[in-house]
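Asks: after the sequence you'll find the predicted model.
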Amino acid sequence: MLLGRGRFVSDLTRPGLLHAAFVRSPHAHARIERLTTDPARQAPGVAAVLTAASLGDPYLLAVLERDEFVPTRMPILAGDKVRFVGEPVAVVIADDAYRAEDAAELVEVDWDPQPAVASIEAATASEAPGLHEQAAGNRLVDLLMFDDDRLGDIFAQAAATVTATFRSARVAALPLEGRACLAEWDDRDDQLVMHVSTQIPHQVRSGVAQALGLPERAIRVIAPDVGGGFGLKCVVGREEVAVAAAALRLRRPVCWIEDRQENLTAAFHGHEQRYEVRAAFGPDGTILALDAEVDCDTGAYSAFPFTCAVEPLMACTELPGVYKVPAYRARGRAIATNKAPTAPYRGVSRPQLVLVMERLMEKGAEALGLDPLNVRRRNLINAHEFPYTGVNGITYDEGSYRESLDRAEKYVTEHDWPAERDRLRAAGHRAGIGYACFSERNSLGTPIMSQRRMRMTPGYDTAMVRMDPTGEVIVTTGTCGHGQGHETTFAQIVADRLGVHPDQVRLRQGDTDLASYGWGTWGSRSVVIGGGAAGRAADIVAGQLRQVAASVLEVSPADVELAEGTARVRGDADAAVPIGELARLVHFQAHRLTEDLRYGLEARATFDPPGTFSNACHAAMVVIDPGTCAIRLHRYLVVEDCGVVINPMVVDGQVRGGVTQGVAAALLERVCFDPEGQPVSATLMDYLAPTATELCAVDIVHLQTPSGVGDTGAKGMGEGGTIGAPAAVLGAINDALSDTEARFDHIPVLPPDVSAVLNQAVLNQAVLTQAMLNGQDAR
Amino acid sequence: MTDTHPITVKVNGRDHTLVVEARRTLADMLRHDLGYTGTHLGCEHGICGACTVILDDAPVRACLVFGVQADGAQVRTVEGLAAGEQLTDLQQSFSDHHALQCGFCTPGFLMLAEAYLAETETEARTLTQDQARELIASNLCRCTGYQGLIEAVLATAHARGAPKDTM
């Protein structure tokens, strides 16, 4: 990477490579009356122009096997109707990317525009235009997931009831490398080989196979270097299937490299949610009941394979989070709108639900005149209560919920944040400090994933560990890292068990021909599940090495230890044999070994855990410019607990990167549409991704509560930064406005939001002053 | 109707003569005509900086420059930093400070920082955290949160700017 030798999809070259350019809808909702491809077909360099009709209208179908779920097809190319701006209706294949784009402009479409719905409110209004015939009220999922008969009584008797609506804007994952794929037919292997910038090679294989009616063995999907994914690339893009179809048809290599405008408008978004919530509190701040209606704007289609239900299901299941909620009702809906579909972007509903819970703690505290941190403490699951089974049916394994909050508060105090806040306030700035407590459920295997009832239920993963004749180790896995440092972490896990140096271990991943099936990298799963499988396979190989060493050294295998490249007998410094020599023996001198020790230093293992919880407490300090109302992140702290830290540098990198995306969601990023569904944030001039100057240093404190799941004690932590940051930043903003009546319950909070409430506060003050001057009761 | 131009360009010290279409960007020319795929395209409208290369000593967005504009010029790309397998101090510092994760933006940040450090030379010794943050803010990274990038550039600046041992 540092030398410029990375290999991303767009770096691949092939003789006769063709380039795909998609013809996309300019309308949010329209019928296609006529589509003319002839002029494009005749343009210079064009090899083919493909449409739904010419491809036989293939589609992707993601299914949740529940009555409350409405399955809808996502056509690879729209045939009769388009449902969002950017939806592809044709693809031009030409000998050059520039010429493909030229010809795409020659495809003529007669559109019959239909009324569009571009928000949850518009889509659920009575008489709202429908996107899919079978989806009444544009509801793709409508699930009452929890209910409790006692709620009415509890709310009637509560010391305080908080009612609020929370919103988070639609955001884009925005990996620096957009989506990309290159498909080619291999005549010799009778196989379609696809290089795809993806987090889930096997699911791409399954999706292409299902859409095009091929056996899975006829497709090989390879993820080369992947320039970031963040969930955008853990779904299958229709463009990937279209390119596969083109390569199959033309028997020539075809590539598609998404440009940034396509990425911002026609890829997948996420996190657009509305929560209407009621919470009941006792007089001491104990939460007594929680009642939530969750609506997710999931766009026009269900993404394959996770479906559009992933956000509402996650939101309803996990809303209580780290707090002990005794009575709970939650209803979740996925609402179809005329906007791009959504994918499970980093955090998946948890940035929102943590924001909701943290705001409820603050609002409850405010209503009761209590300290918000103490209200949190009163409700957090205590250390002695693990394993704790919540009202949501989830069993939480050991974590440091109270301790992480205590440590964060102590750190903040010791580093003078409150004093600095006061100084800034005295100097005329608005400054505030906010906290967020949360856990991150991760590494879910099929025992938990099956509760979602996906037709394709993910969870397990498989690894193979092999030692070659020189004593070097190859690990293959079905997980698919793309910047998380899996090469380092997996090597450490395996090397530790085999007694070799991590540099002698090579991880191979991201290729469907390497594993029978795998579920890729998402949901903070890879180290626990993929690493767990690799560890188990390495244990088996270590046992094989001990047996061979025992036979060579004429001792019992139980007396052999593997360390520093050597198999040696405990307590006998002289009795040792290099591991490389054992490997040579097994491969090249098999006949010298007894039959049971011959041939193989290799093992395959699978891991399918129930999941584990990492946790953290974030603290943020913001400063609001009194003139411009610009909100600047001033300080940031993460006290995190992901169990045993295998590689601190990798963990810190994940935390800081995650925090950056969470801060961006709180202060900057918003995918915008006009009421007719036209995207108005189609460039990076309009969609504001954070640069270094929008951030500050992120301090990190590690706590380590080992996970009982798996052998390493590690917990997944790839999403936590993104999960905690919006709530902490929002809390800090509200603290900065604590002298006013204004409180925000939405993200992002933008400078105009602040100036509006401050202007209102000034107006209110003026009215009050006038009233007092008039000698009236201002109330 | 294609409007093509013959040009000569020196890339990483090596002369290339080729014919390019007038509309072809420098980035596409480097990547696809000359094979320097280390230069990445992240947005193609001049914001992200992943395609930053050094054109006659100045860092430029190769997506906003046409290939024909590089006629007669010297271009330096990420492939031209290291001598063989030996990482430069800047590249090593990126590795030491975990300044990259997925690696897609890395070449752009390397060229940006290299151009800055080459231009400022000894004054880089006094580069502050805030100045390094300001410099790094030219480009986008979606993985790291920038902290490792800032530390990597600072460390290299301070090391390069340190008074040389005269023996």
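Replies: Yep, it's here. Numbering: from 1, shown residues only, chains lettered A, B, ... in the order given.
Asks: could you use CA atoms for every contact and neighbour count after this?
Replies: Fine.
Asks: got a list of what residue A:418 touches?
Replies: Residue A:418 makes contact with A:412, A:433, according to Cα atoms under 8 Å, 6 or more residues apart in numbering or on different chains.
Asks: show me what counts as buried in the helix or strand harbouring it.
Replies: Here residue A:418, judged by DSSP states H and E, is contained in helix A:417-426. By neighbour count on 16 or more other Cα atoms under 10 Å in any protein chain shown, the buried set for helix A:417-426 is A:417, A:418, A:421, A:422, A:424, A:425.
Asks: got the contact list for the spatially most central residue of chain B?
Replies: Geometric centre of chain B, nearest residue: residue B:111, 1.9 Å, by Cα atoms, centre = their mean. Residue B:111 is in contact with B:52, B:53, B:54, B:59, B:77, B:78, counting by Cα under 8 Å, 6+ apart.
Asks: next, format those as a markdown table and append neighbour count, pLDDT and secondary structure.
Replies: Converted to a markdown table, the contacts of residue B:111 look like this (neighbours: other Cα atoms under 10 Å in any protein chain shown; pLDDT from 0 to 100; DSSP: H, G, I helix; E, B strand; the rest coil):
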| residue | neighbour count | pLDDT | secondary structure |
| --- | --- | --- | --- |
| B:52 | 32 | 98 | strand |
| B:53 | 30 | 98 | strand |
| B:54 | 23 | 98 | strand |
| B:59 | 21 | 97 | strand |
| B:77 | 24 | 98 | coil |
| B:78 | 28 | 98 | helix |
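Asks: show me which of those neighbour chain A.
Replies: residue B:78 (Cα under 8 Å from any Cα of the partner chain).
Asks: name the nearest of the buried residues of helix A:417-426 relative to residue B:161.
Replies: residue A:417 (34.0 Å; Cα to Cα).
Asks: check the gap between the closest one and chain B for me.
Replies: To chain B, residue A:417 is 20 Å away according to Cα to the nearest Cα, to the nearest Å.
Asks: so where's the chain uncertain?
Replies: Went with chain A since none was named. Residues of chain A meeting the criterion pLDDT under 70: A:776-779.
Asks: try chain B instead
Replies: Checking chain B against pLDDT under 70 turns up B:1, B:164-167.
Asks: break it down into its domains, please.
Replies: Per the record, chain B has its domains at B:4-80, B:89-161, by automatic domain parsing.
Asks: and of those domains, who's closest to residue A:169?
Replies: In terms of Cα to Cα, the element of the domains of chain B nearest to residue A:169 is domain B:89-161, at 18.8 Å.
Asks: for the closest one, the distance to its chain's centre please.
Replies: Relative to the mean C-alpha coordinate of its chain, domain B:89-161 is positioned 11 Å out (Cα atoms, centre = their mean, to the nearest Å).
Asks: still on that earlier bit, send the alpha carbons of the helix or strand hosting the residue nearest to the centre of chain B over as PDB?
Replies: Per DSSP H and E: residue B:111 is located in helix B:106-120. Extracted in PDB, the C-alpha atoms of helix B:106-120 (Å, rounded to 0.1, in the frame of the first residue of the first chain):
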ATOM      1  CA  THR B 106      -2.700   6.600   1.300                       C
ATOM      2  CA  PRO B 107      -0.900   7.500  -1.900                       C
ATOM      3  CA  GLY B 108      -2.600  10.900  -2.000                       C
ATOM      4  CA  PHE B 109      -1.600  11.700   1.600                       C
ATOM      5  CA  LEU B 110       2.000  10.600   1.000                       C
ATOM      6  CA  MET B 111       2.400  12.800  -2.100                       C
ATOM      7  CA  LEU B 112       0.700  15.700  -0.300                       C
ATOM      8  CA  ALA B 113       3.000  15.400   2.700                       C
ATOM      9  CA  GLU B 114       6.100  14.700   0.600                       C
ATOM     10  CA  ALA B 115       5.500  17.900  -1.500                       C
ATOM     11  CA  TYR B 116       5.000  19.900   1.700                       C
ATOM     12  CA  LEU B 117       8.100  18.600   3.400                       C
ATOM     13  CA  ALA B 118      10.200  19.000   0.400                       C
ATOM     14  CA  GLU B 119       9.100  22.600   0.000                       C
ATOM     15  CA  THR B 120       9.500  23.600   3.700                       C
END
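Asks: which is the next helix or strand following that helix?
Replies: Using DSSP H and E, the next helix or strand after helix B:106-120 towards the C-terminus is helix B:129-136.
Asks: what ranges do the strands span in the stretch 401-550 of chain A?
Replies: With strands called from DSSP state E, counting those that start in this stretch, the stretch 401-550 of chain A shows them at A:430-442, A:461-467, A:473-477, A:505-508.
Asks: mind checking which of those strands is nearest chain B?
Replies: Nearest of these to chain B, taken as Cα to the nearest Cα: strand A:505-508 at 15.9 Å.
Asks: in chain A, which residue is closest to the centre?
Replies: Chain A has residue A:346 as the residue nearest its centroid, 2.6 Å off, counting by Cα atoms, centre = their mean.
Asks: my guess is that residue meets residue A:721, correct?
Replies: No - distance between residue A:346 and residue A:721: 9.4 Å, which falls outside the contact criterion (Cα atoms under 8 Å).
Asks: which of the domains of chain B is buried the deepest?
Replies: Each of the domains of chain B was scored by mean neighbour count; the highest is domain B:89-161, a mean of 22, by mean count of other Cα atoms under 10 Å in any protein chain shown.
Asks: and that one, how far apart are its ends?
Replies: One end of domain B:89-161 to the other measures 12 Å (Cα to Cα, to the nearest Å).
Asks: give me the sheet partners of the helix or strand where residue A:636 lies and which way each runs.
Replies: Secondary structure assignment for residue A:636, by DSSP H and E: strand A:631-641. Applying DSSP bridges, strand A:631-641 is found paired with strand A:612-624 (antiparallel), strand A:698-703 (parallel).
Asks: contacts for it?
Replies: With contact meaning Cα under 8 Å, 6+ apart, strand A:631-641 is reached by A:399-400, A:404-405, A:407-408, A:614-625, A:655, A:667, A:694-705, A:750-751.
Asks: let's see 7 Å
Replies: Identification of contacts with strand A:631-641 by Cα atoms under 7 Å, 6 or more residues apart in numbering or on different chains yields A:404, A:408, A:614-625, A:694-705, A:751.
Asks: ok, now stretch A:742-761?
Replies: Taking contacts as Cα under 7 Å, 6+ apart, the residues outside stretch A:742-761 that touch it are A:166-169, A:629-631, A:665-669, A:734, A:740.
Asks: which one of those sits in the busiest neighbourhood?
Replies: Neighbour tally across the contacts of stretch A:742-761 (other Cα atoms under 10 Å in any protein chain shown): the maximum, 28 neighbours, falls on residue A:665.
Asks: distance of that one relative to residue A:152?
Replies: 35 Å.
Asks: what parts of chain B come near chain A?
Replies: B:37-38, B:42-43, B:47, B:78-79, B:82, B:91, B:98, B:101-107, B:133-134, B:136-137, B:139-140, B:142-147 (Cα under 7 Å from any Cα of the partner chain).
Asks: now the helices for chain B?
Replies: Taking DSSP state H as the test, the helices found in chain B are B:26-28, B:89-96, B:106-120, B:129-136, B:147-161.
Asks: I'd like those helices written out as JSON lines, with distance to residue A:383 added.
Replies: Below are the helices of chain B laid out as JSON lines (distance: least, Cα to Cα, whole Å):
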{"stretch": "helix B:26-28", "distance to residue A:383": "56"}
{"stretch": "helix B:89-96", "distance to residue A:383": "37"}
{"stretch": "helix B:106-120", "distance to residue A:383": "42"}
{"stretch": "helix B:129-136", "distance to residue A:383": "40"}
{"stretch": "helix B:147-161", "distance to residue A:383": "33"}
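Asks: sweet, I'm off.
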